[in-house]
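Undergrad: here is a sequence with its predicted model. Questions after.
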Amino acid sequence: MSDNARVLKTSGTFTPEVIEDIQAKADLGRYRIRGFGALRERRWPTFDDLTFLPCTLTRIPLEGYREKCSTKTVLGAGCAKPIELDIPIMITGMSWGALSFNAKTALAKGAAKVGSSNTTGDGGMLQAERDHSKMLIYEVLPSRYGINIHHLRQADGIELTIGQGAKPGTGGLLLGSKVSPTIAGQRDLPAGVDQRSPARHPDFLGPDDMIIKIEELREATDHKVPIFVKMGATRVFDDVKLAAKAGADVIVVDGMEGGTGASPEILQEHTGIPTLAAVCEARAALEDVGLYGKIQLIIAGGIRNGVDAAKAMALGADAIYIGTAALMALNCNKPVFVEDYKALGTEPYHCHHCHTGRCPVGITTQDPELMKRLPIDEAAERVANLLKAMTLEIQILARSCGKSDVHDLEPEDLRAFSLEASMICGIPLVGTRHVFGGGPGWKKEETH
Amino acid sequence: MASMTCDGRPTREINAEIKRLLAEGHAEIVVKNPAARHNLAVGVVQPCTLIFEGSVGYYCGGMIDGPHVEIKGSAGWGLAESMMNGRVVVHGNAGNAAAAAIRGGSVIIHGDAAARAGIAIKGGVVLIEGNCGYMAGFMGQKGVLVVCGDAGEAFADSMYETICFVGGRADDLGNDAVVATPTDADVTFLSELMVRHGVKKHVKEFKKIVSGRKLWNFDKREWKTWSEAL
């Protein structure tokens, strides 16, 4: 080997990323905080480990041009005023504070254009959001920022949030740079503080108390609208049963790929279970207590497209929440205003700097100048288009599998590429007829 | 004045009856034998007087805006939680998280309050004539918390702009809680509050507790404080 052909050796333990992390913390004196969600390579089974089995000779497909494939979605069917949506893709809760006024309003308008819903977030209700929504879900969170009975009563559904997938077991975080005078006023906080939401609700602790809390929410809304319980995906099999017992009409399970505006990085990377596993446990839990199909299940956490959504629905979800994908429709990480990405020390497609309040595309900021980069009507159109595209993707898969309703997709329509995915989902590995594990439990008699 | 009884009736029916009587124009309603039922008078949003002749369960007066609610007994958890405005008076004791997250109005507890009274209040006034349990005032954002008796452990922990007054012992303060000197305006406020609610306590005995503001923004030089807070 010549002198100038040296081979650089890199530690497999102390990789450049690890060294950078240690040195950053040596400077900060605390854990690292950032936005976006888990960034590390996904070495766990995901929806990409599944494939659909469209019709061949044993099943008859539907014609794309002529034969209907319903996407109508009903949540809280047993309630006096159930939530009726034209599509099964909904916008998840993201706070006004984490997001700009323009972003929240555009999400509301975009969802309404296609007959879907959006959700408030950890900062109370923005009136413009209500005004432009077709269906609005009002979140009741541990912080109770902006809690207002009059807003609660304007909602089409109430979501009692226990936790979220990106950081289950902890509260929200909004760094001082985003706590503008307007946001501070909405939340009854001093402007400019690093605001940490509590991890627990102030007035109940466990599932037994939650039964009473849910009754309170029903009394406050005259028993009309559905009550959701949202949780980050951890001990999903048990938690879903407890939420069902507590009286939830709809249960939302948010997997670890879910996003956040700001959180300790280690929580995003190292807590919770993947969305694929979460949906399987959630369905199994509802089946275990005989409530599958009676309580509706919404799945969230890193859903990127109609394929992920269709697979989650085949595994048991009635509807899907999207958050990060909806922000990308707004222009998150788009290669525009590139110099401003660079000023943050990042680049388009790599930005996770939501926590700084300096979002180059006007989404996760309270800066009026940056916000102008997100014209509401144009942004709403893109959100609506994404929701339409995702719905069409679900429909084309459903039709190819012979389903006249997207909610008829089922585990039998899927096969697993990996042994792990087969074990998690209870779906045969491709090339076999064997079910290797638990999961939603179709054809349990074949379990090996 | 209208009168009704809770005997043999579920919460939903009782609350519906209260709303029906209010809609008929009754401004004052006496509710007999509440028997510690949960969720009574939740979400009432008009000025009126509701008198419960007995103890109530969880979340009585939760999310109200405007009423005067009087409880001639004790109250369970989450009394008047998230109230926008109005007044809730308890003649007995209150369970955990009394006045949690209220945004306005006043909550008057003539007995003792259990743990986390006045947690995350965003406005209004909480007056406890007796003692309070641990972590009262935790994460208080705005408003005033007055404890005439002794404060429990970790009092006024991790607050923003809530102002607390304690008439008895307050020797176990929470993170970033500091003792301040009451101003003349504070003394006047307390005097008027005591008179208005018939509480006999010498206002000059009160200590004032506020946020030290060290947790408002992270500072690595404050490691000792943050090691317990982060």
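TA: Nice, I can see it.
Undergrad: isn't there a helix covering B:Val107?
TA: No: counting by DSSP: H, G, I helix; E, B strand; the rest coil, B:Val107 is located in no helix; its state is strand.
Undergrad: how near is it to chain A?
TA: Distance, B:Val107 to chain A, by C-beta to the nearest C-beta, to the nearest Å: 13 Å. Bear in mind the C-beta positions are built from the backbone N, C-alpha and C, glycine included.
Undergrad: how about B:Ala97?
TA: Distance of B:Ala97 to chain A, computed by C-beta to the nearest C-beta: 4 Å.
Undergrad: I'd guessed that residue sits against B:Ala113; true?
TA: No: in this structure, B:Ala97 is not within contact of B:Ala113 by C-beta atoms under 8 Å, at 9.2 Å.
Undergrad: for A:Gly171, which non-adjacent residue is spatially closest?
TA: Using C-beta to C-beta, 6 or more residues apart in numbering or on different chains and skipping the chain neighbours, the partner closest in space to A:Gly171 is A:Ser197 (3.4 Å).
Undergrad: count of neighbours near the one you found?
TA: The tally of other residues near A:Ser197 (other C-beta atoms under 10 Å in any protein chain shown) stands at 20.
Undergrad: is it true that it touches A:Leu141?
TA: Yes: using C-beta under 8 Å, A:Ser197 is in contact with A:Leu141, at 6.9 Å.
Undergrad: chain B: strands as residue ranges?
TA: B:2-5, B:28-32, B:49-53, B:65-71, B:85-90, B:106-109, B:122-128, B:142-147, B:163-166, B:177-180, B:207-211 (DSSP state E).
Undergrad: what helices and strands are in contact with the fifth one?
TA: Going back to what we said before, that points to strand B:85-90. On a contact count with 3 or more C-beta pairs under 8 Å, 6 or more residues apart in numbering or on different chains; DSSP states H and E, strand B:85-90 meets strand B:65-71, strand B:106-109.
Undergrad: mind putting those strands in CSV, mean pLDDT and mean neighbour count included?
TA: Output for those, formatted as CSV (pLDDT from 0 to 100; neighbours: other C-beta atoms under 10 Å in any protein chain shown):
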stretch, mean pLDDT, mean neighbour count
strand B:65-71, 98, 22
strand B:106-109, 98, 27
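Undergrad: overlap in contacts, A:Ser197 and A:Leu141.
TA: Counting by C-beta atoms under 8 Å, 6 or more residues apart in numbering or on different chains, the common neighbours of A:Ser197 and A:Leu141 are A:Asp122, A:Gly172.
Undergrad: how about stretch A:33-41 and chain B, touching?
TA: No: with C-beta under 8 Å from any C-beta of the partner chain as the criterion, chain B is not reached by stretch A:33-41; the gap is at least 8.8 Å.
Undergrad: distance from the chain centre to that stretch, please.
TA: The chain centre lies 14 Å from the centre of stretch A:33-41; the measure is C-alpha atoms, centre = their mean, to the nearest Å.
Undergrad: list the buried residues of it.
TA: The neighbour-count check on stretch A:33-41 (16 or more other C-beta atoms under 10 Å in any protein chain shown) flags A:Ile33, A:Arg34, A:Gly35, A:Phe36, A:Gly37, A:Ala38 as buried.
Undergrad: near chain B, which residues of the stretch 1-150 of chain A show up?
TA: When proximity is defined by C-beta under 8 Å from any C-beta, the stretch 1-150 of chain A lies next to chain B at A:Leu28, A:Gly29, A:Arg30, A:Tyr31, A:Ser143, A:Arg144, A:Tyr145, A:Ile147, A:Asn148, A:Ile149, A:His150.
Undergrad: mind checking which of the residues you listed are buried?
TA: Going by neighbour count (16+ other C-beta under 10 Å), those have A:Ser143, A:Arg144, A:Tyr145, A:Ile147, A:Asn148, A:Ile149 buried.
Undergrad: B:Ala23: neighbouring residues, count only.
TA: Neighbour count for B:Ala23, taken as other C-beta under 10 Å: 9.
Undergrad: against B:Arg9, how distant is it?
TA: Separation of B:Ala23 from B:Arg9 (C-beta to C-beta, to the nearest Å) stands at 18 Å.
Undergrad: cool, and B:His197?
TA: Distance of B:His197 to B:Arg9, computed by C-beta to C-beta: 31 Å.
Undergrad: surely B:Met83 is in contact with B:Ser106?
TA: No: contact criterion C-beta under 8 Å: B:Met83 and B:Ser106 do not qualify, at 9.0 Å.
Undergrad: need the residues touching each of the two.
TA: In contact with both B:Met83 and B:Ser106: B:Gly124, using C-beta under 8 Å, 6+ apart.
Undergrad: and the buried ones among the residues of the stretch 1-150 of chain A next to chain B, which is closest to A:Ala246?
TA: Nearest to A:Ala246 among these: A:Arg144, at 18.9 Å, using C-beta to C-beta.
Undergrad: pLDDT of stretch A:386-400, averaged?
TA: In this model, stretch A:386-400 carries a mean pLDDT of 98.
Undergrad: likewise for stretch A:125-139?
TA: Mean per-residue pLDDT for stretch A:125-139: 97.
Undergrad: measure that stretch end to end?
TA: End-to-end span of stretch A:125-139 (C-alpha to C-alpha, to the nearest Å): 9 Å.
Undergrad: please report how far A:Gly306 lies from chain B.
TA: Counting by C-beta to the nearest C-beta, the gap from A:Gly306 to chain B is 39 Å.
Undergrad: ok, now which ones touch that residue?
TA: For A:Gly306, the contacting residues are A:Ala389, A:Met390, A:Thr391, A:Leu392, A:Glu393, A:Ile394, A:Ile396, A:Leu397, by C-beta under 8 Å, 6+ apart.
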